[in-house]
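Enquirer: Let me see the structure of the following:
(chains A, B, C, D and E, ligands or ions: 5)
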Amino acid sequence: MAASLLEVRDLHLWRGSLHVLRGLSFEACAGDVLVLEGANGSGKTSLLRVLAGLLWPEAGEVRWEGQALDDDRAALGRRVSFLGHEQGLHADLTPAENAMFATQLRRRCAADEVREALAQVGMADTDRPTRALSAGQRRRVAMARVLLAKAPVWLLDEPWTHLDASGVRLCQDLIEAHAAHGGLVVLSAHYGVDFKSTRLRRLGLS
Amino acid sequence: MAASLLEVRDLHLWRGSLHVLRGLSFEACAGDVLVLEGANGSGKTSLLRVLAGLLWPEAGEVRWEGQALDDDRAALGRRVSFLGHEQGLHADLTPAENAMFATQLRRRCAADEVREALAQVGMADTDRPTRALSAGQRRRVAMARVLLAKAPVWLLDEPWTHLDASGVRLCQDLIEAHAAHGGLVVLSAHYGVDFKSTRLRRLGLS
Amino acid sequence: MTRLTWFYRLASPPTSYATAGRLLPWFAVPAFLLLAVGLYGGLVLAPKDYQQGDAFRIIYVHAPSAWLSLLGYSVLGVSAGIGLIWRMKLAHALAAAVAPIGASFTFLCLVTGALWGRPMWGAYWAWDARLTSELILLFMYLGYLALRSSYDDLQRADRASAVLALVGLVNVPIIHFSVNWWNSLHQGSTVLRAGGPAMPAAMLIPLLESFAGFTLLFAAIACIRLQAEILNRERRPTWWMDSAIKGVPHD
Amino acid sequence: MSTAVTSLPAVMALVFARECRLAFRRWSQLAQPVVFFLMVTTLFPLALSPEPALLRSIGPGVVWVAAVLASLLALESLFKTDWDDGTLEQWALSDQPLAMLLLAKVAAHWCLSGVPLALCAPVVGYALGLPMSALGTLMGALALGSAVLSLLGAVGAALTLGSRRGSVLLALMVLPLAMPVLIFGARATDLAMNGDAPDAGLWLLAAGLIAAISLVPLALGAAVRVSFE
Amino acid sequence: MSTAVTSLPAVMALVFARECRLAFRRWSQLAQPVVFFLMVTTLFPLALSPEPALLRSIGPGVVWVAAVLASLLALESLFKTDWDDGTLEQWALSDQPLAMLLLAKVAAHWCLSGVPLALCAPVVGYALGLPMSALGTLMGALALGSAVLSLLGAVGAALTLGSRRGSVLLALMVLPLAMPVLIFGARATDLAMNGDAPDAGLWLLAAGLIAAISLVPLALGAAVRVSFE
Ligand code: HEM
Ligand SMILES: Nc1ncnc2c1ncn2[C@@H]1O[C@H](COP(=O)(O)OP(=O)(O)OP(=O)(O)O)[C@@H](O)[C@H]1O
Ligand SMILES: Nc1ncnc2c1ncn2[C@@H]1O[C@H](COP(=O)(O)OP(=O)(O)OP(=O)(O)O)[C@@H](O)[C@H]1O
Ligand SMILES: [Mg+2]
Ligand SMILES: [Mg+2]
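Expert: Numbering: from 1, shown residues only, chains lettered A, B, ... in the order given. Ligands and ions are numbered 1, 2, ... in the order given. Here you go, the predicted structure:
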């Protein structure tokens, strides 16, 4: 197995006066699908945000390929694609515009590619602004954004929120494929993580 | 069986240029749990909002106990408790303050009652403002609000979004109990509607 | 990094809490002595001003508070900057501790100035440069405090308000300079000016004493408030219970 | 499932109390409109000239313009949070008339921003050199005027909620309605400053307020309902 | 998975283009600051007396105060939507420096609100009776000044993101910082009106703009990052 891509050592995080993560340590390698499990409020979102460099832990360290988080933010940005509880889509832009813009922040990208990714998540020909989409449709567009980023690491916070059964299956397949191609996926989920995969690993938070 | 509490006749709804509901008709009685099923974008949210009087259908009629929607808005308000994709909680108020306020808009209510309802959804002693809660914790508070309203009809749009397994079970039990006490529940969901109940009825949207 | 260990040790909550406690008497006692002597000398012993009569005595409060209003903002800005750049909680705590004190002295300067203006200029307020810039300084303090109080979480409040304090720090001289350019009728500098102070010794010495006294008073209040801020920020406050019992901090 | 329904006045008091609680949670929010008002008035001597004579002659105008701006600025986001998080939806679904709940919210807003504004107006007026005799009129006129402005501004704020086409058009139509308030208010202050009786202006403001209270809630309710669709 | 990374200028241009597209999609927001500016300047002749001599003497000051407040109003929601929907998070996670992306956004905002404001200033100035010779200076000074104001205001807007906001809080933080701009700008216009050379004020504004461009992005980046926590 390859050297670990992500290494977390003795992580401590407080949110307000709440000690949410108490000395968490784990590793993950390229090709893993790491599922964060835990009851509501156990710190899944918080952990994902720490991994993405959006929250600062009080103690402990997070290393991506051996590099500490704050060493090189740009490298972190190149490496990670993040999908939080919010979609990161502007309500006044169409799905294609949203996906195009988010992708171009990272790399050159043609309109065809965007169209293809949107088709993959079943949102091919919607040119309404995002505000006129249903909750699940928005989530699908956000997933297309993650696909398009072509980042090796995906951090997904409850990716199948609002998705219907076929949408969940679709996302599971995408995740499988990404891991099979040597990507790392860290996701939190309350259901739908029983799909067959040799790569699935679970991390319980409490 | 009692006379139908809710009657929908030949409902047509456009959203923008999209003909979302095309001549929908159904009835529901006190004691029913009516599950709206359908893929993303099939019109579940739209239908629930029509039932709540927040959206106006272009054609067809919605009757609550035989009364058309626009006859008496106050009666509709007394009858229905609505939980949408948004929680309806102010980020700067604590769960108790939020629940208390929402309930008092409808009826007199003691602090004890609120505390009890919050305990029921597992959010007993959180006195942080709602903005400092996790996604699932917020959803639980919103569910407590629905409980407290003591309205005969519950309209719930994907009530278990963000909830963990125990939260989903809890909500299912609450819904069961409400129906058993002669309430009507109309909900949309993509999963978790396989619970045992003689009262469960499904309505497929496409 | 090893050379900085003393620095981080000092910055650890138990040590800084104890240090502030130890410094407090060294500030407080001379402060009261100097203020007693200075204010007595200024308000009672010093001769009447030949132009302004007794009204001039307000300078013994007014001028030191003007000085402390600026000093306060400088301390605020610098420590906020340190806190932001080196992620140092102690510096944030100091900034939070100093802000209300600085704001109070700014307010005091405005009030004493207004009271003085009435006999001197015939009105409590005039749109003069220094008055206006002092008023703007008060607004800056209020903006800082308002921003702090709009956050629930201390850590976030610290960092957000530190950004504001830093931007403000860069702006203080610009505001001062621009307002001066705009207009001036306020009394010129009498103490800090080229060619030495233009004031008889009997007036000057109490003034200097009260400058020093108020400054030390400022430091003493800052120590007390700093201790409170440190405790406020501490997630595991057991050490201070220990130190309260044993009298020795351990880290 | 019968429950004791709360009466309309009680519910309005509730909304009012909620707004106050949100404002009072932090002292700073309460002080803010006042400080803002003071600050805007400070802008004028800085931008014009500090000559007392000139300042005195434009004093009433400056106070009024600053007051209008202060109310408008504070109103901009009056309904935004409650709309975003679905609270307004809940209000619309309660069994109380939405219009009255919104009216209570606007009233709270006025008490928390308009009233402090009126209360500190004498200080500002003094700093700008208005004579003592005019300060009472200034205060009264501002209290009335800011109430009318809050009501009108609330309609504008509600219209911009759902980002419907044309909402701006309507918002722009609301603003000109604020002009008469300004004219009557400033005129009354001006008259008082010169020792004349300012009654006419004050009566007109009071009449405007009554008209606004009776008409605005309907418009508010309609505007908010439209925003849900 | 190597991909062609876009260069920083290209990405900034992208952000700029996105803002413009959004603005034109919602022309309402585009027109708002200008309309506000026009309105505020009309308020004055109404609130004061319409004597030409008085109006002329306060003209530059009025235009400047109105401009400062109009930019402030427009800035309130500069980052709000992008913050709420998680877009800013995505920016922070791209491999481009967040500070520069934010700078591009502010630049777009200035082009869409500050520039129109400067362009319509001569009309307003003319209406207030400023001599033709001063209108050019007014326009130039406003263009420079509104750029500085946009930058300062953006820091304020970013700082209120994670907090319980109030538009007044923004004003409270930003207005004191804006005073020098107001003073220099109004003074330059005043000088030009009296036939003197307004260079000093304009140079100072330009210097302020350069200083702001070099320092503000850092503050902006830091402020936005704090808001994520
Ligand atoms: C509200 C009104 C006033 C305010 C805000 C105010 C503000 C200030 C400030 C900021 C300073 C320190 C400035 C510096 O050192 O450069 C100062 C110093 C001083 N002020 Fe005032 N002032 C006010 C009214 C007055 C009045 C009415 C007088 C007397 C005519 C006065 C006399 C002085 C003197 C003598 C100093 C000490 C100057 C020195 O030694 O450097 N002030 N004031
Ligand atoms: N800003 C905050 N201030 C204080 N506490 C917070 C804040 N945000 C979250 N928390 C608390 O931190 C804990 C972890 O929150 P987090 O959002 O990480 O949970 P989660 O595992 O994602 O839960 P969920 O499944 O509900 O999304 C929760 O108990 C929450 O109440
Ligand atoms: N404001 C709007 N304007 C135009 N079309 C809209 C608008 N809102 C929703 N739609 C469209 O109407 C259809 C129904 O949307 P609705 O939100 O009711 O779906 P839903 O069944 O709730 O889906 P989901 O499971 O994703 O929540 C969708 O195709 C959506 O794109
Ligand atoms: Mg979560
Ligand atoms: Mg839906």
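
Enquirer: wait, doesn't A:Ala151 sit right on A:Ala75?
Expert: No: using CB atoms under 8 Å, A:Ala151 is not in contact with A:Ala75; the gap is 11.3 Å. Backbone N, C-alpha and C define where each C-beta goes, glycine included.

Enquirer: For these two, indicate the residue with more neighbours.
Expert: A:Ala151 (24 against 13; other CB atoms under 10 Å in any protein chain shown).

Enquirer: ok and the residue in the stretch 151-251 of chain C nearest chain E?
Expert: Per CB to the nearest CB, C:Ser178 is where the stretch 151-251 of chain C lies closest to chain E, at 3.9 Å.

Enquirer: Contacts only, for whatever residue of chain C ends up closest to chain D.
Expert: Chain C approaches chain D most closely through C:Trp127 (3.4 Å), counting by CB to the nearest CB. Taking CB atoms under 8 Å, 6 or more residues apart in numbering or on different chains, we find C:Trp127 in contact with C:183, D:45-46, D:50, D:52, D:55.

Enquirer: Out of these, which sit inside helices?
Expert: D:45-46, D:52, D:55 (DSSP state H).

Enquirer: circling back: sec struct for the residue of chain C closest to chain D, please.
Expert: Under DSSP: H, G, I helix; E, B strand; the rest coil, C:Trp127 falls in the coil class.

Enquirer: Kindly list the main-chain dihedrals of it?
Expert: Dihedral pair for C:Trp127: phi -90, psi 70, per degrees, to the nearest 10.

Enquirer: Look at residue 129 and say how many residues are nearby.
Expert: Since no chain was named, I'll use chain A. Residues near A:Pro129, counting by other CB under 10 Å: 19.

Enquirer: Not quite, go with chain D.
Expert: 20.

Enquirer: Stretch D:211-228 vs chain E: in contact?
Expert: No: Stretch D:211-228 lies out of reach of chain E by CB under 8 Å from any CB of the partner chain, never closer than 14.1 Å.

Enquirer: which parts of that stretch are buried?
Expert: D:212, D:216-217, D:219-221, D:223-225, D:227-228 (16 or more other CB atoms under 10 Å in any protein chain shown).

Enquirer: Between these, which sits nearest ligand 1?
Expert: D:Ala212 (39.3 Å; CB to the nearest ligand atom).

Enquirer: Excluding chain neighbours, give the residue nearest to the closest one in space.
Expert: D:Leu151 (4.3 Å; CB to CB, 6 or more residues apart in numbering or on different chains).

Enquirer: Surely that neighbour forms part of a helix?
Expert: Yes: assessed by three-state DSSP, D:Leu151 belongs to a helix.

Enquirer: Closest residue of chain C to chain B?
Expert: C:Asp152 (5.9 Å).

Enquirer: Quick check: that residue touching B:Pro129?
Expert: Yes: the criterion here is CB under 8 Å, and C:Asp152 meets it with B:Pro129 at 5.9 Å.

Enquirer: Take the ones in helices among the contacts of C:Trp127 and write them to a markdown table, including pLDDT and distance to B:Asp32.
Expert: What follows is the ones in helices among the contacts of C:Trp127, written out as a markdown table (pLDDT from 0 to 100; distance: CB to CB, whole Å):
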| residue | pLDDT | distance to B:Asp32 |
| --- | --- | --- |
| D:Pro45 | 85 | 70 |
| D:Leu46 | 85 | 68 |
| D:Pro52 | 78 | 77 |
| D:Leu55 | 80 | 72 |
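
Enquirer: Tell me where the model's unsure across chain A.
Expert: Low-confidence segments of chain A (pLDDT under 70): A:1-2, A:71.

Enquirer: Let me see the ranges of the strands in it.
Expert: A:6-15, A:18-28, A:33-37, A:59-64, A:67-68, A:80-83, A:153-157, A:184-188, A:200-204 (DSSP state E).

Enquirer: nearest to D:Gly59, of these?
Expert: Closest approach to D:Gly59 among these (CB to CB): strand A:6-15, 50.9 Å.

Enquirer: touching chain C at all, the closest one?
Expert: Yes: for strand A:6-15, a contact with chain C is found by CB under 8 Å from any CB, at A:14-15.

Enquirer: Give me the pLDDT for D:Ile58.
Expert: Predicted confidence (pLDDT) for D:Ile58: 81.

Enquirer: ok, longest helix in chain D?
Expert: Chain D, longest helix under DSSP H: helix D:199-228.

Enquirer: elements contacting that one?
Expert: Other elements packing on helix D:199-228 under the criterion 3 or more CB pairs under 8 Å, 6 or more residues apart in numbering or on different chains; DSSP states H and E are helix D:87-92, helix D:98-109, helix D:132-159, helix D:167-193.

Enquirer: quick one on the thing from earlier: spit out the contact partners of the residue nearest to D:Ala212.
Expert: Applying CB under 8 Å, 6+ apart, we find D:Leu151 in contact with D:106, D:209, D:212-213, D:216.

Enquirer: Would you mind listing what in chain A touches ligand 2?
Expert: The interface of chain A toward ligand 2, taken as CB under 6 Å from any ligand atom, is made up of A:15-16, A:18, A:20, A:38, A:40-46.

Enquirer: Quick one: which of those residues is the most crowded by neighbours?
Expert: Neighbour counts for these peak at A:Lys44, which has 28 neighbours (criterion: other CB under 10 Å).

Enquirer: what ranges of chain D fall below the confidence cut-off?
Expert: Ranges of chain D meeting pLDDT under 70: D:1-5, D:26-30, D:73, D:163-175.

Enquirer: center of it - which residue?
Expert: D:Ser150 (2.7 Å; CA atoms, centre = their mean).

Enquirer: Could I get the contacting residues of it?
Expert: D:71, D:75, D:106, D:109-110, D:113-114.

Enquirer: want to throw those into TSV with distance to chain C?
Expert: Converted to TSV, those look like this (distance: CB to the nearest CB, whole Å):
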residue	distance to chain C
D:Ser71	19
D:Leu75	19
D:Val106	23
D:His109	18
D:Trp110	21
D:Ser113	15
D:Gly114	19
